[in-house]
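>>> Let me see the structure of the following:
(chains A and B)
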Amino acid sequence: MTIDGLAARLRGFLKPEQVLTDRQQLRTYECDGLTHYRVVPAVVVLPRTAQECADTVRACAEAGVPFVARGSGTGLSGGALPHADGALIVTSQLRAIREVAPQDERAVVEPGVINLQVSRAAAPHGYYYAPDPSSQQICSIGGNVAENSGGAHCLKYGFTTNHVTGVEIVTPDGDLVRLGGRAPDTPGYDLLGAFVGSEGTLGIATEVTVRLVRLPETVRTLLAAFPGTDQAGAATSAIIAAGVVPAAVEMMDALAIEAAEAAVHCGYPGGAGAVLIVELDGPRAEVEAQFAAVEAFCREHGAFEIRIAADDAERALFWKGRKSAFAAVGRISPDYIVQDGVIPRTALPRVLTRIAELAHEHGVRVANVFHAGDGNLHPLVLFDETVPGQAERAEAVSGAILDICVEHGGSITGEHGVGVDKAKHLPSMYSAADLDTMQLVRCAFDPRGLSNPGKIFPTPRLCGEVPGRHKGTHPLHQPGIAEVF
Amino acid sequence: MTAEIAGTPAATVATPGSTEEVAEVVRDAAGGGLALVVRGAGTRQDWALPPQRLDLILETSRLCGLVEHAAGNLVAVVRAGTPLRQVQEALRPAGQQLALDEPLPGATIGGTVAVNASGPRRMLYGTVRDLLIGVTVVRADGVVAKAGGKVVKNVAGYDLGKLVAGSYGTLGVVTECAFRLHPLPAARRFVSVRLDGPDDAARALSAVLGAQVVPSALEIDTDPLTVTALVEGVPAGVAQRAADLEKLLGAGATSTEAPPDGWGSYPWGPGDVGIKLTSALSRVPYLLTAAGVTAQLHDVALHIRGSAGTGVLYAGLPGDTDPGSVVGVVSDLRAATRAGAGHCVVLTAPAAIRSRVDVWGHVDGLDLMRRVKEQFDPLGILAPGRFVGGI
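Presented below is the predicted three-dimensional model:
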């Protein structure tokens, strides 16, 4: 079926304003947060109910048209990059918080609901939604589920996957299926666990049940200034080695601090080669005892100034510098690449040295922002596109940083996802057999590869037989099929 | 150990000593269409359904020991046949732990992952699915595959660890697991209170959940009716939180350093009926009341214990309970869990009872699960028939 045919069919059950085919309107959706990849979709669909979403997917499946789901479009790996010959299914009309159930420590929300709105809705009851990606003021829960989003506080509280207990999804066939639920430990395979973080390649979430966490009694935050990243890293190691599990440990290097000062005037201590933000939360007596220890570790490892947030306003100021860091580098560089890699935390000094050497060799600057507690690096590679060759050199440095992460036993992405941007890097982490095995799951959900094709996996797997053909019986004794394609 | 699984005999027992040897064994089995079941310490081979076919038992006893303990990164890589207790002993000198309880002593890492076993401290630390950050699996065709890695924060590729956790050995043979570790707390305190009835229990649970003590566990036991909360942390913090708990739980609450009797173990013994009940948190008191009613109605000794703070309870019945009564009790419990958006699974039961009850009950998404199984094990050689929907 042609796109025109599909659009006509969609208009049969959707209102005209829910099916966009006008080129100018389509261009609004040509990229997500990773703006250097741009593809104009063939059709944009804005379902208002789960059923409309399912009917849309079914229509795509029957027409053999690929589809891509998009929430707020804040992703940084091109996970919601449209398909030129496909449908872009946008969840922005699915914005209802269906239920806040503090007595069950759950909330039930539609996928287009903004992350921070869940916490706001839960706050009057004394609860919040823990995963807090930096984009939490605009990113959607559906997108968080697709990307398994993290955030500054996942060191203690975990990622989206640890905070979603159930989803209703549209399968790539167009069926509505529930995975998990309000109670824990649903019997059967943990398909929910496989779905969260699958970057839209296994279907589209139409309802999400999340865990709500009790708002902590006490939050204490300090900002410590160090001569350099080595000392700040050593302080972090000492804190972790002492058995403290902070809610967050964030580090910025001199260049990142410079950018943040230029952008938001956060007033960090002058002359710092690195700052550390350490936050503890929990029962008052517990936090007070550990906070004193954290302060001592920072001094012991060379902190020349320590500020302790006196109130929420001061805490917000500490965080303002950190949370604005990505955008802030725009003040000191015309162009930049945001990288996302993970290393074992203890490798931090070696890896930072390597990154600095690499930047020097290629004549670009790298500002470093990390979730230091869990070894998640966000190097910001600065360049000027108008200088011939700089963009290519920046790209080379950015890619080499991922190789360094893998060499040190880490990962090519801690929270931004693989998407379209890092598919080519995935084989540096996993063997062909590993990737083949992951794609068995894809074949079970989406044998025709229509759901967000071209993302995550550099080479799609041919799924062979249509699943379900052997239902109930196993062709055990059929000769010659021990090898499965 | 014997060459049988839950009463089904096997012709062969293999004891491979490495992932490569496991791959060889599985390749041979696949080539010959042989059905195989993996066995660790054998503490839960009576769980779920017996295999429909069985030719080969693959024992993990030689897949033993820690591969790596990166203490500074709070990560350990462990071979599947390693007893959980041995892992804890190896981690203790570094002041660290794998934050999984051990409801059945002797259980191995592989078995714990296969059934997604958990205990009281799941309330704070989560379960296998939350702590498993990397996995090495031998597929049903003998291909070795890894997913995840050795860093906690990692979203590269599909999270196959989630899929194998709780899959009862039906998707692949797990040979190595990488886990996120936690520091051993410097202090801990158990605060318990004896109660008169379900209403009192409901009040006690809600008081603790609404407070700011952040318990690592909140348990209920019906014999005798007791609610116990565990707090862990620094000594000063734990002392204050235990004192808070004593106030919350009211007159008669006592605080101890040692766990109360039965802590973290299942409320049944060998040969008994063991049932897992889950429910939305707010429906736990209802579930307890409903369980009391059905026990009276069928005149059976139903003992419940479990994580009231997360909605995961376990129920035990003596193995010599009349099978008809067990069928009735399971049916009532299933209705009660359904009303709380949860499930009732008969984990273990004598053969005469197991053959008369629907062990797994209704499962959503079964069609997708069958499709996953068909992709991973198209010949159906891995623990055939043990899992939900005859998988």
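>>> From now on I want contacts and neighbour counts done on CA atoms only, so please keep to that.
Will do.
>>> tell me the contacts of residue A:359?
Applying C-alpha atoms under 8 Å, 6 or more residues apart in numbering or on different chains to residue A:359 gives the contacts A:365-366, A:397.
>>> what is residue A:282 paired to in the beta sheet?
Following DSSP bridges, residue A:282 is listed with bridge partners residue A:218.
>>> still on that earlier bit, redo the contacts of residue A:359 as JSON lines? Include pLDDT and secondary structure.
Below are these laid out as JSON lines (pLDDT from 0 to 100; DSSP: H, G, I helix; E, B strand; the rest coil):
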{"residue": "A:365", "pLDDT": "96", "secondary structure": "strand"}
{"residue": "A:366", "pLDDT": "97", "secondary structure": "strand"}
{"residue": "A:397", "pLDDT": "97", "secondary structure": "helix"}
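>>> Serialize those to TSV and add fields for neighbour count and distance to chain B.
TSV is the format used below for the contacts of residue A:359 (neighbours: other C-alpha atoms under 10 Å in any protein chain shown; distance: C-alpha to the nearest C-alpha, whole Å):
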residue	neighbour count	distance to chain B
A:365	21	26
A:366	26	22
A:397	24	20
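>>> now, which of those sits nearest residue A:279?
When those are compared for distance to residue A:279 (C-alpha to C-alpha), residue A:366 wins out at 25.8 Å.
>>> what's the next secondary structure element after the helix or strand where residue A:68 lies?
Element membership for residue A:68, per DSSP states H and E: strand A:67-70. Using DSSP H and E, the helix or strand that directly follows strand A:67-70 along the chain is strand A:87-90.
>>> Quick check: mean pLDDT of that next one?
Mean per-residue pLDDT for strand A:87-90: 98.
>>> Can you give the strand pairings for it, parallel or anti for each?
In its sheet, strand A:87-90 lies beside strand A:43-45 (parallel), strand A:67-70 (parallel), with partners assigned from DSSP bridges.
>>> ok now it, how far from the chain's centre?
Distance of strand A:87-90 from the chain centroid (C-alpha atoms, centre = their mean, to the nearest Å) equals 20 Å.
>>> again with stretch A:102-112
Relative to the chain's own centre, stretch A:102-112 is displaced by 20 Å; criterion: C-alpha atoms, centre = their mean.
>>> in that stretch, what's buried?
Buried residues in stretch A:102-112, defined by neighbour count with 16 or more other C-alpha atoms under 10 Å in any protein chain shown: A:102, A:104-112.
>>> Can you measure across that stretch, start residue to end residue?
21 Å (C-alpha to C-alpha, to the nearest Å).
>>> Provide the contact partners of that stretch at residue level.
Stretch A:102-112 has contacts (C-alpha under 8 Å, 6+ apart) with A:71-72, A:91-101, A:118, A:122, A:125, A:127, A:140-143, A:182, A:205-213, B:280-282.
>>> Quick check on those: which are buried?
For the contacts of stretch A:102-112, buried by 16+ other C-alpha under 10 Å: A:71-72, A:91-95, A:97, A:100-101, A:118, A:122, A:127, A:140-143, A:182, A:205-213, B:280-282.
>>> Next step: these restricted to helices.
A:118, A:122, A:141-143 (DSSP state H).
>>> so which pair among the residues you listed is furthest apart in space?
Taking C-alpha to C-alpha as the measure, these span a maximum distance of 19.9 Å, between A:122 and A:143.
>>> Send me the host helix or strand of residue A:258 as PDB with only the CA atoms.
Per DSSP H and E, residue A:258 falls inside helix A:254-264. Output of helix A:254-264 as PDB, limited to C-alpha atoms (Å, rounded to 0.1, in the frame of the first residue of the first chain):
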ATOM      1  CA  ALA A 254      37.300  23.300  34.600                       C
ATOM      2  CA  LEU A 255      36.000  23.800  31.100                       C
ATOM      3  CA  ALA A 256      32.500  22.600  32.000                       C
ATOM      4  CA  ILE A 257      32.500  25.000  35.000                       C
ATOM      5  CA  GLU A 258      33.600  27.900  32.800                       C
ATOM      6  CA  ALA A 259      30.700  27.200  30.500                       C
ATOM      7  CA  ALA A 260      28.200  26.900  33.300                       C
ATOM      8  CA  GLU A 261      29.400  30.200  34.800                       C
ATOM      9  CA  ALA A 262      29.100  31.900  31.400                       C
ATOM     10  CA  ALA A 263      25.600  30.600  30.900                       C
ATOM     11  CA  VAL A 264      23.800  30.600  34.300                       C
END
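>>> starting at the chain centroid, how far to it?
That offset, for helix A:254-264, works out to 24 Å (C-alpha atoms, centre = their mean).
>>> list the contacts for the closest residue to chain B within the stretch 151-300 of chain A?
Nearest residue of the stretch 151-300 of chain A to chain B: residue A:286, at 4.1 Å (C-alpha to the nearest C-alpha). Residue A:286 is in contact with B:233-234, B:236-238, counting by C-alpha under 8 Å, 6+ apart.
>>> hmm, which helix or strand of chain A has the shakiest average pLDDT?
Using mean pLDDT, DSSP states H and E, helix A:325-328 stands out as the lowest-scoring helix or strand of chain A, at a mean of 87.
>>> Torsion angles phi and psi at residue B:314?
phi -120, psi 140 (degrees, to the nearest 10).
>>> again with the one 3 residues further on
Dihedral angles of residue B:317 (phi, psi; degrees, to the nearest 10) stand at phi -130, psi 140.
>>> Just want to check the distance between it and chain A.
Per C-alpha to the nearest C-alpha, to the nearest Å, residue B:317 is found 21 Å from chain A.
>>> check which helix or strand covers residue 294.
Picked chain A for this. Using DSSP H and E, residue A:294 sits in helix A:284-300.
>>> looking at chain B here, not the other one
Using DSSP H and E, residue B:294 sits within helix B:284-298.
>>> in that helix, what's buried?
B:284-292, B:294-295.
>>> Let's have those in JSON lines, adding distance to residue B:65 and pLDDT.
Listed next are these as JSON lines, based on distance: C-alpha to C-alpha, whole Å; pLDDT from 0 to 100:
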{"residue": "B:284", "distance to residue B:65": "39", "pLDDT": "97"}
{"residue": "B:285", "distance to residue B:65": "42", "pLDDT": "96"}
{"residue": "B:286", "distance to residue B:65": "44", "pLDDT": "96"}
{"residue": "B:287", "distance to residue B:65": "41", "pLDDT": "97"}
{"residue": "B:288", "distance to residue B:65": "41", "pLDDT": "96"}
{"residue": "B:289", "distance to residue B:65": "45", "pLDDT": "96"}
{"residue": "B:290", "distance to residue B:65": "44", "pLDDT": "97"}
{"residue": "B:291", "distance to residue B:65": "42", "pLDDT": "97"}
{"residue": "B:292", "distance to residue B:65": "44", "pLDDT": "96"}
{"residue": "B:294", "distance to residue B:65": "45", "pLDDT": "97"}
{"residue": "B:295", "distance to residue B:65": "44", "pLDDT": "97"}
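>>> Could you check how far the residue nearest to the spatial centre of chain B is from residue B:104?
With distances taken as C-alpha atoms, centre = their mean, residue B:117 lies nearest the centre of chain B, 1.4 Å away. Per C-alpha to C-alpha, residue B:117 is found 9 Å from residue B:104.
>>> Kindly report the same for residue A:339.
Counting by C-alpha to C-alpha, the gap from residue A:339 to residue B:104 is 45 Å.
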